[in-house]
Every structure is written in C-alpha cells, then in structure tokens.
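[1] Have a look at this prediction, sequence included:
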Amino acid sequence: MKNLFLSTLLFFAFGVVSWAQEGIPVYFDYLSDNYYLIHPSMAGIGEGGKVRLTARKQWFDVDDAPNLQTINAHFRVGEKSGVGAIIFNDANGYHSQTGAKFTYAHHLKFSGDARNLNQLSFGLSGTILQSNLDETEFRSTTPDPAVVGSRISSTYFNTDLGVSYNYLEFYAHATILNLLSTKRSLYAKDRNDDPLVPEVDNLRRYVISTGYVFDRGDWQFEPSVLFQMTDFTSEKAIDFNAKAYRGVGEAIVWGGISYRRSFDGTLYITEDGPEEQKLQLITPIVGVNYKKFMVSYNYSYQMGDIRFDNGGFHQITLGYDFLQSTKRYDCKCPAVNY
C-alpha cells in the first residue's frame with residue numbers, strides 16, 4: 001500500500017515527466033513562439049534572430065516545488081544555416097540540473113521564389129549538463145545502498161537531433177532528445193556497484209508536433225498537436241492545442257488553450273476499490289507581440305480526483321526579435337515570421 005501511494009503521489013505531482021528525465025522538461029512554452037526550445041531544427045528558422053526568456057513555477061505554497069528557468073537565442077546565418085544556444089536551470093525538490101545546449105541547423109529551400117516558404121530543416125544540439133542531488137536530509141532506519149547521505153553531482157554530455165518541414169502555413173517537427181546512451185553515474189556514485197541500485201543510460205525522449213494556420217482576414221486560427229514518448233518507461237502523452245491571432249494596430253494579440261492527456265494511468269485506492277487516473281492538464285495561454293517585443297503567460301491546471309496541490313503551474317515568457325527588417329516570407333506563419 002505504501003509503494004502504491006508513493007507512485008501515485010509522484011505521478012500526479014510531476015506529471016508525465018518520468019524519473020529518468022534529463023534536460024529541459026517539455027512543458028507548454030513552445031506555444032509562445034518558442035519551438036526552438038524543444039526542436040533544434042527551428043534554430044534560425046526565419047529572418048534575423050530571436051531571444052526568449054522563460055520562468056515557470058509550480059505550487060507557490062509548497063516548499064522546494066518544481067521550478068524552471070530558461071534563456072535561449074537563435075538566429076539565421078546566411079541563407080542556409082542557423083545557430084542557437086539555450087541555458088537552463090531546473091530544480092525539483094532535492095534534485096536540480098543546470099545545463100547549456102548549442103545548436104547548428106541547416107535549412108534546405110525547395111521554392112524558386114525567395115518569398116515562398118517551402119523549407120526542410122535539420123538541427124543538431126550538443127548538451128552539457130550538471131545534475132545535483134542533495135541527500136543530506138535523507139533518513140532511513142535500515143541501511144539503503146541507494147542513499148549516500150551527502151550532496152553529490154555529476155556532469156553529462158548528450159545530443160538532440162531534429163527535423164522540421166515548413167510549407168507556407170503548414171509545419172511539422174520531429175525530434176529525439178537525449179539521443180546518446182549516457183550512464184547516469186549520479187545515481188550510482190559511491191554505491192560500490194551494488195546490484196540493488198539501478199543503472200539507467202537510456203534517457204531518450206521522442207517529440208513530434210504538427211499544425212496549420214488558417215487565415216480568415218483579420219483573424220488567424222492555429223490548431224496543432226504534440227506527441228511525446230519516453231523511451232525507457234514507454235510513457236506517452238499528447239497535447240491538443242488551439243490558438244487565435246488578431247492584429248491590433250502595430251501589435252498582434254493572441255491567445256489559446258492546450259489540453260494534455262497521458263496514455264498511462266496510475267492506481268489509487270478508494271472506498272469502492274482501486275481506481276485509475278491519467279494525467280490531464282488544461283493550459284490557457286495569452287500573449288502579445290509588439291514591434292520587436294513579445295510577452296506571454298500560461299497557467300496549467302491539473303484535473304482529476306487526486307492532486308498534489310490545488311494550485312496550478314505558472315509560466316511567463318519574455319521575447320525580443322532582432323535583425324528582422326521585414327517578414328521573410330509571404331505567409332501567415334507565426335513561428336517563422338513573428
């Protein structure tokens with residue numbers, strides 16, 4: 001019963017992100033013109049470059065609740081290349097990770113008209129990450145080979161590989177995060193190779209997304225979907241998204257909503273017996289682009305009978321676009337032109 005309760009608590013506390021997660025968690029900031037954060041092939045996708053700063057905080061009334069900060073910048077180099085970099089800090093209770101990604105993307109044009117968007121892109125990111133675990137407050141009545149009892153850290157290297165296709169208002173992306181097999185020595189450090197301590201070297205996560213922008217004069221509507229799967233645990237989740245844009249003077253005001261549902265559930269006990277609940281998150285998002293600046297906010301609320309806390313997950317994004325004298329393409333394609 002204790003193990004069942006613990007697994008239930010962890011599942012609903014941290015959502016679809018498995019304990020084998022390493023790197024930047026896949027939240028909802030990609031909806032704020034931030035696809036580069038999860039798809040390296042989007043580096044330098046449009047004219048000039050972009051800078052995006054994000055901050056996310058879960059459960060303001062909970063000590064050591066998960067929080068994430070990222071800053072990234074990417075820009076076009078010549079006609080066929082793009083480069084980018086991401087710095088991030090992710091803290092979650094006793095565990096934290098800090099890292100940087102460096103990206104090169106290559107863009108192949110299929111249209112003879114330079115103003116027509118028809119482009120296949122490939123991107124490769126190298127990641128340097130330091131993972132930290134504070135076990136100084138861990139207490140056990142019996143010796144546990146998995147617990148050292150001190151602050152430990154370890155540095156890892158991995159790569160992300162992605163491909164994108166943009167054709168006018170249509171787009172599709174596919175990325176493998178943490179492509180390489182990298183042993184997480186942090187969780188086996190000084191354990192004397194105890195067979196009871198698991199070793200995990202498969203941190204791969206597959207992310208696929210696609211969408212289309214419908215132009216209705218003063219309004220644009222963008223439905224999209226994102227699917228992700230963790231290789232080691234086979235956890236899967238899907239996001240259904242809908243956004244709307246409208247020009248107001250020199251600004252573009254937009255808003256939308258996202259619904260995330262996991263394919264995998266976990267059991268919990270009720271008076272009538274065991275029940276299964278799957279992760280469900282509903283996330284409204286609003287934002288505005290004004291000249292070269294962008295700001296957005298999203299709030300994720302977890303649905304279901306079992307929740308770690310009644311509070312939601314807050315995230316804000318600030319952006320700045322540079323070296324963009326004109327919109328590069330004649331299309332309603334926010335991730336490229338805005």
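    Nice, I can see it.
[2] Residue 220 is in contact with residue 242, isn't it?
    No: in this structure residue 220 lies outside contact range of residue 242 using Cβ atoms under 8 Å: 11.8 Å. For every residue, glycine as well, the C-beta is placed using N, CA and C.
[3] Comparing those two, which residue is more hemmed in?
    residue 220 (20 against 15; other Cβ atoms under 10 Å).
[4] That one pairs with what?
    residue 215, residue 245 (DSSP bridges).
[5] Next up, the contacts around it.
    For residue 220, the contacting residues are 213, 214, 244, 245, 246, 332, 334, by Cβ atoms under 8 Å, 6 or more residues apart in numbering.
[6] now, among those, which is nearest to residue 35?
    Using Cβ to Cβ, residue 334 comes nearest to residue 35 of those, at 10.1 Å.
[7] that older thread, from the contacts of residue 220, pick the one nearest residue 138.
    Comparing the contacts of residue 220 against residue 138 with Cβ to Cβ places residue 334 closest, at 46.6 Å.
[8] so which of the contacts of residue 220 would you say is closest to residue 299?
    When the contacts of residue 220 are compared for distance to residue 299 (Cβ to Cβ), residue 244 wins out at 17.5 Å.
[9] Filter the contacts of residue 220 down to the buried ones.
    Using 16 or more other Cβ atoms under 10 Å as the burial test, these include 213, 245, 332, 334 as buried.
[10] Save the residues you listed as CSV, and put in secondary structure, pLDDT and distance to residue 57 too.
    Putting the buried ones among the contacts of residue 220 into CSV (DSSP: H, G, I helix; E, B strand; the rest coil; pLDDT from 0 to 100; distance: Cβ to Cβ, whole Å) gives the following:
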residue, secondary structure, pLDDT, distance to residue 57
213, coil, 96, 31
245, strand, 96, 27
332, coil, 85, 33
334, helix, 81, 26
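[11] Can you tell me which of those comes closest to residue 303?
    Of the buried ones among the contacts of residue 220, the one sitting nearest to residue 303 (Cβ to Cβ) turns out to be residue 245, at 27.1 Å.
[12] correct me, but that closest one touches residue 256?
    No: Residue 245 is beyond contact range of residue 256, at 9.1 Å (criterion: Cβ under 8 Å).
[13] So which residues make contact with stretch 319-337?
    Contacts with stretch 319-337, where a contact means Cβ under 8 Å, 6+ apart, come from 32-35, 42, 45-53, 75-76, 115-117, 166, 168-169, 171, 213, 215, 220, 222, 245, 254, 292-296, 338.
[14] all helices of the chain, in order?
    2-14, 334-337 (DSSP state H).
[15] How many residues are close by the spatially closest residue to residue 57 that is not a sequence neighbour?
    Using Cβ to Cβ, 6 or more residues apart in numbering and skipping residues adjacent in sequence, the residue nearest residue 57 is residue 67, 4.8 Å away. Using other Cβ under 10 Å, residue 67 has 17 other residues around it.
[16] same check, this time on residue 57
    Residue 57: 16 surrounding residues under other Cβ under 10 Å.
[17] From residue 297, how far out is it?
    12 Å (Cβ to Cβ, to the nearest Å).
[18] Show me the common contact partners of these two, please.
    Shared contacts of residue 57 and residue 297, counting by Cβ under 8 Å, 6+ apart, come down to 314, 315.
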